[in-house]
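> Coordinates only, no sequence provided:
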């Protein structure tokens, strides 16, 4: 562990879960940036986040219907990703420390969160984008 | 005095960086004569090609040129002799004939001249999109390469590499660092030259043994014909020709070979087949094509009676077979049960003597791709292979040795290098994986158990990977991957440079396992060169001039590299060409590909300045500017296995003081994104003379007369648990 200061360690709400329950909680955690039960979060950021997430989802749906061009969907996804960083820093300010199968988490700095959200959303975005392109809905 | 010098050095370093970056920006277009130039659209469409192209440059002595003729097209060059036109040779535009892509994924548009005996008379690049020729290697290198074709016969076996007279192979000198570009260019030259030489009779067609068909009584259905490959499908998507999709493909064709009796009778019916065969002379063949969906006609809207069907042709190896109106027969219907409905159909007769139904061939759809940015049309072809199933041929299919694809040729030619490189990477990875054992054998004063591997890594990566193999990874590759991932993934593009390909697989795996430090700190050629210079500087007495920036300044400047990375990424979405130019912030091409002394002064000054600064400051480029380091630092956030820390590290600053990467913060945590995995802190971690908590415990035990137990994985002496007195007595009794 590269962390010397143990005060930096954090435990998410599902941190004590194990087995498939923990794995499902991890997946949900990656896909759902907002705070869960018992987690503090600023209402304003949460509401703005919900609004922007709905807009980004509509953008993907429009892309899936073939009514949004490649550049536009990339722009929307980038915009949402920037906002997700703020949402997560407010609601889930932690990242994994060590291997993905481990149960250790640490406090996320802004750079940690930028790295986490950009990498995660690159993978999600690429998967959706390639899927739509394979179906011939989005053209480049 | 020393502080004054340091301050001046810092100031000069910053000023030098700013000045050279500005110089680079100003001079980046200097070598871009034909890079992405806008060519007149008429060049590829007008019958009078030479009105738009410098045909005289590739056909010295020519005074006039014909209109485009033939399929694929070319023009005839004439010389006036006593009022008479004398045929001098032929001029062809490569993109009329082949769309072979070069390293950039786009073709190099080349004008080629060939005399009436089939010898090349001139080669001129009209347009290219090769970034390496824009910034790394001067265009004159490609001109010099092309000049090697002058006087060569088109029918000769010309390849990149050494000549082998025993194999009648003429070798051409490649351009170091642009192997893929020249291999593609060789394909363009030979394909274009051969296509025209065959049309005008300079090259005779290859005569292949004719097929002997096996007698069968079966009457296959359409589905069975499709299943055994007797009917093939060629689909061209709308986006592949630059059109907006409306749900339909641009072209959906089914085709097959009709001479084989079982297939021919299934498609045409017995009478239809007999009628068609009666029309064919010996050595002639028939194929059918039906279009079941599409936006356009496969026969071509430009077709006029007496002309050529310019949208479809058949290719067998390097022989092309085109169709004229006399080669066309109506196809009214398909007899095979279950055949699909179609709205366009044809039977074409192949009259070339070289064609054989026993060997594989391709139906080629010749299309035009519309560039969305410029609306210009570029030639693009789409093909599908056809080979009769063995059961339809007497004695089965003949043995066919297919030529290796370009990337495979490169891999085979460099097999030894690739093997050696993989072994080298594995040794370094194994050494790093054994770091715990290595650092335990080291001490603050003797780090050789670690350094022997690290320094070997540096020397090999500088000498072999950097200067010899020119396999320095670059941010441009990351940008290319990014775009390929989103837009069009081409394995061939990445496989064409085997060492880079292998290196990247290693980099991706090692970054997720251990972080970017194993590549950046142990294996990056430029990073290794920088730190080696720093070490040499220290060893030759410059240590007193060597310095680190204050931690607070470092903590601000380290973000610059992320800004550079995101800036390049953003620019690449607007213009990949501009991003490639700006990627010159990496001095890799100047250092390894071209050489510091071989480039224009801004590039040379920039690279030399960074390396000069590296003598006094450890890895300035890696810490503050490297966009590749930034790109790798981001996934390093999730590296699986990090270095170790003790609770005492929060207050003890021993490791932080010695950290050349300035990667240990005030709380004693390691910033894994900045860490170069030099392992100095891990050496201290187990050194009971250097690590303060360990040294303290050692001294305490020495005073108390207690033994020094081994140091455990957490970096502490294994605790001594005194055995209770009554237990001792019991044991004694």
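Yes, it's here. Remember, it's a predicted structure, so these values are computed and weren't measured experimentally. Numbering: from 1, shown residues only, chains lettered A, B, ... in the order given.

> Name the residues of chain A found near chain B, please.
When proximity is defined as CB under 8 Å from any CB of the partner chain, chain A approaches chain B at A:1-6, A:8, A:66, A:70-71, A:74, A:95-100, A:111-112, A:114-116, A:118-119, A:126, A:129-130, A:136, A:139-140. Placement of C-beta: from N, CA and C, glycine included.

> So which of these belong to helices?
Secondary structure of these is defined by DSSP state H; positions in helices are A:70-71, A:74, A:111-112, A:114-116, A:118-119, A:126, A:129-130.

> tell me which parts of chain B are close to chain A?
Contact residues, chain B versus chain A (CB under 8 Å from any CB): B:237-239, B:244-245, B:247, B:485-488, B:562, B:573, B:633-635, B:637-638, B:640-650, B:667-670, B:672-673, B:675.

> Buried among the ones in helices among the residues of chain A next to chain B? Make that a ChimeraX selection.
One line in ChimeraX is enough to select the buried ones among these; burial here means 16 or more other CB atoms under 10 Å in any protein chain shown:
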select /A:70,74,111,112,114,115,116,118,129
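
> Tell me the one of the ones in helices among the residues of chain A next to chain B nearest residue A:86?
Proximity of those to residue A:86 was ranked by CB to CB; the top entry is residue A:114 with 10.7 Å.

> Work out for me the element the nearest residue to that closest one once chain neighbours are set aside sits within.
Nearest in space to residue A:114, with sequence neighbours left out and distances taken as CB to CB, 6 or more residues apart in numbering or on different chains, is residue A:85 at 5.8 Å. Counting by DSSP states H and E, the element that carries residue A:85 is helix A:70-91.

> cool, and residue B:313?
Assessed by DSSP H and E, residue B:313 sits inside strand B:308-316.

> can you check residue B:383 too?
Assigned by DSSP H and E, residue B:383 falls within strand B:377-386.

> so for that strand, what's the average pLDDT?
Strand B:377-386 carries an average pLDDT of 82.

> And the contacts of the helix or strand just after it?
On the C-terminal side of strand B:377-386, the nearest following helix or strand under DSSP H and E is helix B:406-413. If you take CB atoms under 8 Å, 6 or more residues apart in numbering or on different chains as the criterion, helix B:406-413 is touched by B:161, B:179-180, B:183-184, B:187, B:404, B:418, B:492, B:495-498.

> One more: stretch B:210-225?
When contacts are defined by CB under 8 Å, 6+ apart, stretch B:210-225 is touched by residues B:228, B:230-231, B:256, B:259-263, B:265-267, B:283, B:334, B:336-340, B:356-358, B:388, B:391-395.

> Run the chain-centre distance for the helix or strand of chain A with the lowest mean pLDDT.
Counting by mean pLDDT, DSSP states H and E, chain A has its least confident helix or strand at helix A:43-64, which shows a mean of 79. Helix A:43-64 has its average C-alpha position 13 Å from the chain's average C-alpha position, going by CA atoms, centre = their mean, to the nearest Å.

> can you check stretch B:48-65 too?
34 Å.

> circling back: quick one: strands adjacent to the strand holding residue B:383?
Note on strand B:377-386: by DSSP bridges, its sheet partners are strand B:361-370 (antiparallel).
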